[in-house]
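Chemist: show me the folded form of this:
(2 chains)
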Amino acid sequence: MPLSFPNSGRVNVPSALAGELLSAARRLPSYENHEFYSVALQASVRDGIRESCPEGFDWIIAQINERIAKWPYCALLRGLDFDEGNKLFVAINRAFGELVARPYEKPRAQLVHYVQPATDLPSARGGHESERLHTDTADWEQPVELISMVCVRADPGGGGRSRLLDIDAVRDEVDKRLGHAALEHLENTPVPWKLAAYCGGGVKWRPVLAESRLCWRRYTIDQGQLSRATIDSLDSFEQVITATERTLDFLMVEGELLFSDNRRTIHARTAIAGGGTSDRLMIRSWVRRS
Amino acid sequence: MNEAQVQFAQVYDRVQVDSGTAGPIDLSGLMGTWINTNPDSGGIARMVISGSNESPSLRAYAIGPDGSIDWGAAELKVFRAGPASRVAAGFTSSYDFGFAETQLQAMILKGLIVLVQTHHFKDNSNRADYFVREYFGLDHGRY
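Modeler: Numbers count the residues shown, from 1 in each chain, chains lettered A, B, ... in the order given. All right, here's what the predicted structure looks like:
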């Protein structure tokens, strides 16, 4: 039985504050998605919205910071109203650092990224890769620190539930199920991560686990360069994180905003029965902390 | 008395209010249970504001080592947004615990209460007086 999202990670934004921020966002000019690649524009949008209610805006940022700094390493906000041009979404994200993305290329790559079942990557192992717990940007030299996601429309069939598993639970489960030697092996054995072509390609060697971070996306690891023992270790690791009941499982509803620490949690979504016909829509961004 | 004749210490004060336009204060935005938005707070966990326009009161519950500590009910002095306003903008309250006194000053900010607490020790314990500023959100009962 997976865990529900803990109350300690939730934030309720008062409607008066949400309305003030939405009005401020709507007063700003509209921008195309590709224009948000400019970190200066991101900062300008943040400052333009923040100045309408600095204390309220800063309160929201502080609430998120407090929650992602400790278990569950994520924050789920309810009550915000987002503008159609994603300015409030950009503003809140920019308070934590620079929004980053792969180079612009519709529909798969946009700074404010639209996550829809129809564009999900199928997996060679069946289903979709997004249904397996993973780290975003595992194919970057350094994965991004933060992921944020807004639910615009939930799947009408109740699919696409969010799943999150944290570093503390992963280490503990590996220690219990596989033993301390396996934990140390995963900590001390670098594996080759295939870097994205748009990052210059090649591989980056780094371990899956560390004391306070993890990186996991099986298909990004170049298994051809690994010993049988290490491949077995990765197989066992994947079985443990797939089987554990310590994964948070919750359905994001319209208007909810989730921030998660991409270095201390791995995430996935449950399958969507309607597949590409579901109109589930999430908006996502990656943040490089400053 | 016209506007030019009222006494004032600042421009904000320089408004004319007759008994017909003053009207009762609107406390509707204050009533309810307010929860500290900092889950790690070691201070006031929640405040319950209740009562009538004429005699509103506050009851604070603080974090204790073995659960919450009920500070009891205290009188609430509510302030408006301006000399001619009907809108409640903040309040003050105080507690005297014998060994210490606590003054509370609050403002309402877009659906949040920003609460300033000053704590003064009277028991010669060498503990320094201290200042705390925290935020409270109205309990919506949805989780």
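Chemist: what is the burial count for the residue of the stretch 1-150 of chain A found nearest chain B?
Modeler: For the stretch 1-150 of chain A, the residue closest to chain B is A:P14, as judged by Cβ to the nearest Cβ, at 2.4 Å. Yep, even glycine has a C-beta here, placed from its N, CA and C like the rest. For A:P14, the neighbour count with other Cβ atoms under 10 Å in any protein chain shown is 20.
Chemist: count the residues that sit near the closest residue to it other than its chain neighbours.
Modeler: Leaving aside its chain neighbours, A:P14 sits nearest to B:G111 (2.4 Å; criterion: Cβ to Cβ, 6 or more residues apart in numbering or on different chains). Here the number of neighbours of B:G111 (other Cβ under 10 Å) works out to 19.
Chemist: so who does B:G111 touch?
Modeler: Residues near B:G111 by Cβ atoms under 8 Å, 6 or more residues apart in numbering or on different chains: A:P14, A:S15, A:A16, A:L17, B:G137, B:L138.
Chemist: hey, where'd the helices end up in chain B?
Modeler: Taking DSSP state H to define them, one finds helices in chain B at B:19-22.
Chemist: that one: strands as residue ranges?
Modeler: Using DSSP state E, the strands of chain B run over residues B:32-36, B:44-51, B:56-64, B:67-75, B:77-80, B:88-96, B:100-109, B:112-121, B:130-138.
Chemist: as JSON lines, the ones you listed with mean pLDDT and mean neighbour count would be great.
Modeler: Below are these laid out as JSON lines (pLDDT from 0 to 100; neighbours: other Cβ atoms under 10 Å in any protein chain shown):
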{"stretch": "strand B:32-36", "mean pLDDT": "95", "mean neighbour count": "19"}
{"stretch": "strand B:44-51", "mean pLDDT": "96", "mean neighbour count": "19"}
{"stretch": "strand B:56-64", "mean pLDDT": "96", "mean neighbour count": "18"}
{"stretch": "strand B:67-75", "mean pLDDT": "96", "mean neighbour count": "13"}
{"stretch": "strand B:77-80", "mean pLDDT": "94", "mean neighbour count": "16"}
{"stretch": "strand B:88-96", "mean pLDDT": "96", "mean neighbour count": "18"}
{"stretch": "strand B:100-109", "mean pLDDT": "97", "mean neighbour count": "18"}
{"stretch": "strand B:112-121", "mean pLDDT": "97", "mean neighbour count": "18"}
{"stretch": "strand B:130-138", "mean pLDDT": "96", "mean neighbour count": "15"}
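Chemist: in CSV: those strands, plus distance to A:E35.
Modeler: What follows is those, written out as CSV (distance: least, Cβ to Cβ, whole Å):
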stretch, distance to A:E35
strand B:32-36, 39
strand B:44-51, 44
strand B:56-64, 47
strand B:67-75, 50
strand B:77-80, 44
strand B:88-96, 39
strand B:100-109, 32
strand B:112-121, 33
strand B:130-138, 34
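Chemist: what's the closest of those to A:I49?
Modeler: Closest to A:I49 of these is strand B:100-109 (Cβ to Cβ; 16.1 Å).
Chemist: helices and strands around that closest one, which ones?
Modeler: For strand B:100-109, the packing partners by 3 or more Cβ pairs under 8 Å, 6 or more residues apart in numbering or on different chains; DSSP states H and E come out as strand B:88-96, strand B:112-121.
Chemist: mind listing the strands that strand pairs with, and their directions?
Modeler: Strand pairing for strand B:100-109, determined by DSSP bridges: strand B:88-96 (antiparallel), strand B:112-121 (antiparallel).
Chemist: flag every residue of the stretch 51-200 of chain A that's near chain B.
Modeler: A:C53, A:E55, A:G56, A:W59, A:Q63, A:E66, A:R78 (Cβ under 8 Å from any Cβ of the partner chain).
Chemist: re the thing from before, right, and the strands of chain B - which one's nearest A:L281?
Modeler: For those, proximity to A:L281 was assessed by Cβ to Cβ; strand B:130-138 is nearest, at 28.3 Å.
Chemist: who does that closest one pair with, and is each partner parallel or antiparallel?
Modeler: Strand B:130-138 has the following strand partners under DSSP bridges: strand B:32-36 (antiparallel), strand B:112-121 (antiparallel).
Chemist: burial check on the residue in the stretch 151-290 of chain A that chain B sits nearest to, number of neighbours?
Modeler: Relative to chain B, the nearest point of the stretch 151-290 of chain A is A:V253 (11.2 Å; Cβ to the nearest Cβ). When counting by other Cβ under 10 Å, one arrives at 10 neighbours for A:V253.
Chemist: that one belongs to a helix?
Modeler: No - under DSSP: H, G, I helix; E, B strand; the rest coil, A:V253 sits outside any helix and is assigned coil.
Chemist: quick one: pLDDT of the closest residue to it other than its chain neighbours?
Modeler: Take A:V253 and drop its neighbours on the chain: the residue closest to it by Cβ to Cβ, 6+ apart is A:A154, 5.6 Å away. We have a pLDDT of 94 for A:A154.
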